[in-house]
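*Asks:* attaching a predicted model along with its sequence, questions to come.
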Amino acid sequence: LECGVMRDLTGDAEFVGDFRNNYIDFGWDTFSEEEKLSKRAIELNNGRAAQMGILALMVHEKLNGDAYVINTLLGSPGPRRA
């Protein structure tokens, strides 16, 4: 991804992590500065929530050896033992 997708190739980034590169613009430039800050904060919080969800799955796997909570609920086979 570093080769060109996740990189500021044009040098026009408005903020750290702005990888649009004058290619994709779903109306971002039409928002006010307050709306832009709000949307970035929402995106950061969604990312943090996703990280907490992944952490919860990893903790659950360590607690009882079952990879996902949904496996138990749906009756899927339990953990594989060597």
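*Replies:* Structure received.
*Asks:* low-scoring stretches of the chain, by residue?
*Replies:* 1-11, 17, 19, 21-23, 66-69, 71-72, 76-82 (pLDDT under 70).
*Asks:* if we use 90, what do you get?
*Replies:* Residues of the chain that meet the criterion pLDDT under 90 lie in 1-31, 33, 36, 39-40, 43-44, 54, 56-82.
*Asks:* for the longest helix along it, packing partners?
*Replies:* Ranked by residue count under DSSP state H, the longest helix found in the chain is helix 33-64. Contacting helix 33-64 under the criterion 3 or more CB pairs under 8 Å, 6 or more residues apart in numbering; DSSP states H and E is no other helix or strand. C-betas here are computed from N, CA, C, even on glycine.
*Asks:* so that it lines up with my notes, have the first residue be 532 from now on.
*Replies:* Understood, numbering begins at 532; the last thing we discussed is helix 564-595.
*Asks:* pull out the buried residues from that helix.
*Replies:* Judged by neighbour count (16 or more other CB atoms under 10 Å), helix 564-595 contains no buried residues.
*Asks:* same check, this time on stretch 557-564
*Replies:* Buried, per 16+ other CB under 10 Å, within stretch 557-564: nothing.
*Asks:* which other residues reach it?
*Replies:* 551, 567, 570 (CB atoms under 8 Å, 6 or more residues apart in numbering).
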